[in-house]
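Peer 1: Need coordinates for the below:
(2 chains)
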Amino acid sequence: DVKVTQSSRYLVKRTGEKVFLECVQDMDHENMFWYRQDPGLGLRLIYFSYDVKMKEKGDIPEGYSVSREKKERFSLILESASTNQTSMYLCASSLDGGTVPKLFFGSGTQLSVL
Amino acid sequence: GESVGLHLPTLSVQEGDNSIINCAYSNSASDYFIWYKQESGKGPQFIIDIRSNMDKRQGQRVTVLLNKTVKHLSLQIAATQPGDSAVYFCAENMHQAGTALIFGKGTTLSVSS
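Peer 2: Numbering: from 1, shown residues only, chains lettered A, B, ... in the order given. The predicted model follows:
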């Protein structure tokens, strides 16, 4: 089974801090994604990556950046955390070239910015 | 912008009943529509998909229906069980964005025994 591992289940940070959320997948997937999940808003795409060192903006990239130095690892960076970035962050990966765009998700990181 | 949405945020059913979860979408160009299930404390898990050239697909206890005329998608769960209690998301694949999925807002299904 595909395993997508997010480094922290819960994280508490202060406004203005630089925050790193880490995600690792073990199935050699080319594609990796970061979503945030908020009550009543569903999942919204922040950034995604098709390959090492490649990145594409999603629907809500403002205030975030990403890094993909290795195929298995995709990091989400909050340059200067703000309270409106308090949310559940979900990382996902998928195989490139598959018939169905099937995403495999991690368990999420609940980030609280105080 | 284009988005995938759901008709109802919550749905409550009795164990053994059939459940129908609805979703409306706006982008006629999507290739695939996918349903995900998210249990408490977990990430979303793939349930079933349907390609845009189909109107029905069946899985184990689940059926997805696609009506392209009215841009409507539904997930039917037969003989709903307490373990089906979760948040259900529909998602669409915007072909021009590769495999990135656009998700709806979710429906919380509660099953009482």
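Peer 1: going forward, measure contacts between C-alpha atoms and count neighbours the same way
Peer 2: Fine.
Peer 1: how about the strands in chain B?
Peer 2: Taking DSSP state E, the strands of chain B run over residues B:4-6, B:10-14, B:19-25, B:32-38, B:45-51, B:56-58, B:62-67, B:72-77, B:86-93, B:101-103, B:107-112.
Peer 1: Go through these and name the closest to chain A.
Peer 2: Within the strands of chain B, the stretch nearest chain A is strand B:101-103; the backing value is 5.7 Å (CA to the nearest CA).
Peer 1: circling back to that earlier point, save the strands of chain B as a markdown table, and put in distance to chain A, mean pLDDT and mean neighbour count too.
Peer 2: Below are the strands of chain B laid out as a markdown table (distance: least, CA to the nearest CA, whole Å; pLDDT from 0 to 100; neighbours: other CA atoms under 10 Å in any protein chain shown):
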| stretch | distance to chain A | mean pLDDT | mean neighbour count |
| --- | --- | --- | --- |
| strand B:4-6 | 9 | 55 | 24 |
| strand B:10-14 | 11 | 95 | 15 |
| strand B:19-25 | 13 | 93 | 21 |
| strand B:32-38 | 7 | 95 | 23 |
| strand B:45-51 | 7 | 95 | 19 |
| strand B:56-58 | 14 | 97 | 15 |
| strand B:62-67 | 15 | 96 | 19 |
| strand B:72-77 | 17 | 96 | 20 |
| strand B:86-93 | 7 | 94 | 26 |
| strand B:101-103 | 6 | 91 | 24 |
| strand B:107-112 | 9 | 96 | 20 |
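Peer 1: a markdown table for these, including distance to residue A:79?
Peer 2: A markdown table is the format used below for the strands of chain B (distance: least, CA to CA, whole Å):
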| stretch | distance to residue A:79 |
| --- | --- |
| strand B:4-6 | 30 |
| strand B:10-14 | 36 |
| strand B:19-25 | 34 |
| strand B:32-38 | 29 |
| strand B:45-51 | 30 |
| strand B:56-58 | 44 |
| strand B:62-67 | 41 |
| strand B:72-77 | 38 |
| strand B:86-93 | 29 |
| strand B:101-103 | 25 |
| strand B:107-112 | 33 |
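Peer 1: so which of those comes closest to residue A:70?
Peer 2: strand B:101-103 (22.7 Å; CA to CA).
Peer 1: Can you name the residue of chain A nearest chain B?
Peer 2: Nearest to chain B, among the residues of chain A, is residue A:42, at 3.8 Å (CA to the nearest CA).
Peer 1: what residues are up against that residue?
Peer 2: Residue A:42 sits next to B:89, B:103-106 when contact means CA atoms under 8 Å, 6 or more residues apart in numbering or on different chains.
Peer 1: same question, residue A:77
Peer 2: Per CA under 8 Å, 6+ apart, neighbours of residue A:77: A:18-21, A:64-67.
Peer 1: Neighbour-wise, give me the winner out of these.
Peer 2: Counting neighbours by other CA atoms under 10 Å in any protein chain shown, residue A:66 leads these with 25 neighbours.
Peer 1: That one: which element?
Peer 2: Using DSSP states H and E, residue A:66 sits within strand A:64-70.
Peer 1: Quick check: closest non-adjacent residue to the residue of chain B found nearest chain A.
Peer 2: Going by CA to the nearest CA, chain A is nearest to residue B:105 of chain B, at 3.8 Å. Distance criterion CA to CA, 6 or more residues apart in numbering or on different chains; nearest residue to residue B:105, sequence neighbours excluded, is residue A:42 at 3.8 Å.
Peer 1: Good, wrapping up.
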